[in-house]
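> Predicted model follows, preceded by the sequence.
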Protein chains: 2
Amino acid sequence: MNEQNGMKPYVIGLDLGGTNSVFGIVDSRGEIKATTAIKTGGYQSAESYVDACVEALQPIIEQVGGIETIKAMGIGAPNGNYYSGTIEFAPNLAWAHDGKVPLAKMFSERLNGIPVALTNDANAAAIGEMVYGVARGMKNFIVITLGTGVGSGIVVNGQLLYGCDGFAGELGHVTMVRGAEGRSCGCGRTGCLEAYCSATGVARTARELLSTTTRPSILREMNPEDITSLDVSIAAGKGDELAKEIYEFTGHMLGQACADFAAFSSPEAFIFFGGMVKAGELIMKPIREAYDEHVLKIFRGKAKFLVSGLDGASAAVLGASAVGWEI
Amino acid sequence: MNEQNGMKPYVIGLDLGGTNSVFGIVDSRGEIKATTAIKTGGYQSAESYVDACVEALQPIIEQVGGIETIKAMGIGAPNGNYYSGTIEFAPNLAWAHDGKVPLAKMFSERLNGIPVALTNDANAAAIGEMVYGVARGMKNFIVITLGTGVGSGIVVNGQLLYGCDGFAGELGHVTMVRGAEGRSCGCGRTGCLEAYCSATGVARTARELLSTTTRPSILREMNPEDITSLDVSIAAGKGDELAKEIYEFTGHMLGQACADFAAFSSPEAFIFFGGMVKAGELIMKPIREAYDEHVLKIFRGKAKFLVSGLDGASAAVLGASAVGWEI
């Protein structure tokens, strides 16, 4: 008997990525009770994608006691809009790249009418930190996700900041370098934080430093075009000075950005999430130093700089499921 | 009989400025029923300042029917902290420049225990716009005050954004020009929005343009050190090309800043408040143009750019009184 006192003990979390769609059935303490996954691609329509999802979900729903034990579903998805429950113009999803797909409604209709909420992946990470992670008990914090892109989820007064249209919190696209010097960004503009501090930004910094200096580095043994942020991380781990400098540059840029974010929402903490955070102090130390150097005096020394408290492999699913608890 | 159905019909608003302290007794429609003022300076202690305020308030409180008709008091003050009800380290107030003065508590104790709330002047302006002005009905907007400094009040989900310590919304101190090129700012840092777009920033732009170019301008008839933003405004009004360019530069900087602010909180509107806004389209047009040029595509064309709807002379008192209604 999983249902006690009429409380439904589980939510479904869906981490909808460009490649994989990972599902977890999660309890209120963040324990994943059952999990499954399908490929995200290869579907001609949103309908056939949802069909495949629901088919994959059936066995794990049965495993926890049936749909009656499920309170809600939360989805973290690229270009997910919380207000409308839609995925909008997602460039990497064949069935959602030129319009709005009402994914929350479609899942709800196929899952006995349970409430379904959807948001973008960085917002899901922020809610995940608030419900299960290092932000428990915090009312004002910012999660910054460092991955292929730079995303963010901003919590203010205990609520996620969605703004007037559901798209607030695009901190990867504040301008860090103005004018002609700014790097081009995938968004079509120049100088964005993402162009410097994403995994691809880090690789780009590596190529720039290798081509504009003659300093020795084990990264020179590679074809410059093949260098990834992981290679930089491995090289830095081996003590490579140039690789360490790349992290210092990246962290310094992030710290300066956080100093501006403090002037906006004065958060209690900045929480960093994503593969790049595995570099630990290599990236966190320059972030803190640049922040203290650049932040307005009244904010100095106040904010904590934390690394995500969610388990890496399941963090995205946990974040998505947390969106379900918040409904 | 002013008190109907047990509702207290008035709040006291105090606009606490560096020079004058202006009081108004205001009804829920924003009509100022009575007003008075004292000089802010010349007091040795916060106690003697509050004494003088209460003495000045007595006649106008009697005029509206006595303290029983007063629901609350709202104060807009430099370095005012909403959470603690204190003024903290206000450089221009002799009795509050090196510590925390619990002004809200002091007024409440002297005014029959009515609730008293205090916030900084830009936040008061934002609440004023929400309660009486052009932001009525809006849940997400940013007020930017262009005066001696650049201040801001950010409203998110219908609530003022105070952050973890009461000091959120210092958008005058986001960094617009990084590195050695940035102008020095009164906050001790460089490149802040305030160093370019405050009244003093505009005067500085004028001096820079006059000294680095030989272009004709009626501003050349003045001693450069005496030029104020008002002189620039008058010259621009007369069609002076250099003066118009100064406004264009200023507006362009503000529009770029707003593009970053949109990535943060995606507001429905940006509302501009303060003397400089009297320049009208001279400043508003370049703001809109730079915003559209620099903002992330998903935000383009969404936000409104508005001028404060509060009557200039009484705007600050109205804003302060609105803080009282929000208690």
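Thanks, I have it. Please read these numbers as outputs of a predicted model, since none were measured by experiment.
> Any residue of stretch A:174-187 touching chain B?
Yes. Using Cβ under 8 Å from any Cβ of the partner chain, we find that stretch A:174-187 touches chain B at A:V174, A:T175, A:M176, A:V177, A:R178, A:C187. (Each C-beta comes from the backbone N, C-alpha and C, glycine too.)
> count of residues packed around the residue nearest to the fourth one when sequence neighbours are not counted?
On the basis of Cβ to Cβ, 6 or more residues apart in numbering or on different chains, the spatially nearest residue to A:V177 that is not a chain neighbour turns out to be A:G191, at 3.9 Å. The burial count assigned to A:G191 is 21, neighbours taken as other Cβ atoms under 10 Å in any protein chain shown.
> Now do the phi/psi pair for A:G191.
With angles defined as degrees, to the nearest 10, A:G191 sits at phi 80, psi 10.
> That one and A:T175 touch, don't they?
Yes. Between A:G191 and A:T175 a contact is recorded at 4.7 Å, counting by Cβ atoms under 8 Å.
> Identify the contacts common to the two.
Common contacts of A:G191 and A:T175 (Cβ atoms under 8 Å, 6 or more residues apart in numbering or on different chains): A:G182.
> before we move on, the earlier item: closest to A:T250 among the residues of stretch A:174-187 next to chain B?
Nearest to A:T250 among the residues of stretch A:174-187 next to chain B: A:M176, at 11.3 Å, using Cβ to Cβ.
> What count of nearby residues applies to the closest residue to that closest one other than its chain neighbours?
Of all residues not flanking A:M176 in the chain, A:L193 sits nearest, at 5.1 Å (Cβ to Cβ, 6+ apart). A:L193 is flanked by 28 other residues according to other Cβ under 10 Å.
> so where do the strands sit in the stretch 1-150 of chain A?
Under the criterion DSSP state E, counting those that start in this stretch, strands of the stretch 1-150 of chain A are mapped to A:10-16, A:20-27, A:32-39, A:70-76, A:80-81, A:86-88, A:100-101, A:116-119, A:141-146, A:150-156.
> List the pairing partners of the second one within its sheet, with orientation.
The sheet places strand A:20-27 alongside strand A:10-16 (antiparallel), strand A:32-39 (antiparallel), with pairing taken from DSSP bridges.
> who's in contact with it?
With Cβ under 8 Å, 6+ apart as the criterion, strand A:20-27 contacts A:9-15, A:32-40, A:53, A:56-57, A:60-61, A:63-64, A:70, A:314, A:316-318, A:320-321.
> Going by neighbour count, which of these are buried?
A:9-15, A:32-34, A:36, A:38, A:40, A:53, A:57, A:60-61, A:64, A:70, A:314, A:316-318, A:320-321 (16 or more other Cβ atoms under 10 Å in any protein chain shown).
> Identify the spatial nearest neighbour of the residue most central in space within chain A, chain neighbours not counted.
Ranked by distance to the mean C-alpha position of chain A (Cα atoms, centre = their mean), the top residue is A:A122 at 3.4 Å. Excluding the flanking residues, the one nearest A:A122 by Cβ to Cβ, 6+ apart is A:G151, at 3.1 Å.
> do A:V150 as well
Ranked by Cβ to Cβ, 6+ apart and with sequence neighbours excluded, the top spatial neighbour of A:V150 is A:G172, at 3.3 Å.
> just for chain A, where's the confidence low?
Along chain A, the parts satisfying pLDDT under 70 run over A:1-6.
> helices and strands around the longest helix seen in it, which ones?
Across chain A, the longest stretch assigned as helix under DSSP state H is helix A:241-265. Helix A:241-265 is packed against strand A:141-146, helix A:194-197, helix A:199-212, helix A:229-237, helix A:281-294, helix B:241-265, with contacts defined by 3 or more Cβ pairs under 8 Å, 6 or more residues apart in numbering or on different chains; DSSP states H and E.
> which residues sit against the first one?
Under the criterion Cβ under 8 Å, 6+ apart, residues A:121-122, A:125-126, A:129-130, A:135, A:150-155, A:171, A:197-199, A:254, A:258, A:261, A:265, A:267-277, A:308 lie in contact with strand A:141-146.
> Ok, the fifth one next?
Applying Cβ under 8 Å, 6+ apart, the external contacts of helix A:281-294 come out as A:233, A:236, A:244, A:247-256, A:258-259, A:262, A:270, A:272, A:276-277, A:300-301, A:303, A:305, A:307, B:175, B:189.
> Would you mind checking those residues for buried ones?
Buried members of the contacts of helix A:281-294, counted by 16+ other Cβ under 10 Å: A:233, A:236, A:244, A:247-256, A:258-259, A:262, A:270, A:272, A:276-277, A:303, A:305, B:175, B:189.
> and A:V174, what does it touch?
A:C192, A:L193, A:A257, A:D260, B:D260, B:A263, B:F264.
> where does A:A320 land in three-state SS?
Counting by DSSP: H, G, I helix; E, B strand; the rest coil, the backbone at A:A320 sits in helix.
> That one and chain B: what is the separation?
22 Å (Cβ to the nearest Cβ, to the nearest Å).
> go on, A:K39?
From A:K39 over to chain B the distance is 27 Å, taken as Cβ to the nearest Cβ.
> That residue reaches A:T19, doesn't it?
Yes. In this structure, A:K39 is within contact of A:T19 by Cβ under 8 Å, at 7.1 Å.
> hmm, what's the outermost residue in chain A?
A:T214 (35.7 Å).
> residues in contact with the helix or strand just after the longest helix of chain A?
Downstream of helix A:241-265, the next assigned helix or strand under DSSP states H and E is strand A:269-273. If you take Cβ under 8 Å, 6+ apart as the criterion, strand A:269-273 is touched by A:122, A:125-126, A:129, A:133-135, A:138, A:141-146, A:258, A:261, A:283-284, A:287, A:303-308, A:310, A:315.
> Only whichever of those residues are buried, select them in ChimeraX.
Typed into ChimeraX, the line below selects the buried ones among these, using 16+ other Cβ under 10 Å:
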select /A:122,125,126,129,133,134,135,138,141,142,143,144,145,146,258,261,283,284,287,303,305,306,308,310,315
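> quick one on the thing from earlier: what helix or strand does the residue farthest from the centre of chain A sit in?
Assigned by DSSP H and E, A:T214 falls within no helix or strand.
> For chain B, see how far away it is.
For A:T214 relative to chain B (Cβ to the nearest Cβ), the value is 25 Å.
> can you check A:L254 too?
Separation of A:L254 from chain B (Cβ to the nearest Cβ): 14 Å.
> what does A:P267 give?
A:P267 sits 6 Å away from chain B, going by Cβ to the nearest Cβ.
> list the contacts for that residue?
A:N140, A:F141, A:I142, A:I154, A:V155, A:F261, A:A303, B:G163, B:C164.
> Name the SS class of the last one, please.
Spelled out, that is B:C164. coil.
> Give me the phi and psi angles of the nearest residue to it once chain neighbours are set aside.
Distances taken as Cβ to Cβ, 6+ apart put A:E268 closest to B:C164, at 4.0 Å, once the chain neighbours are dropped. When read as degrees, to the nearest 10, the backbone of A:E268 gives phi -70, psi -30.
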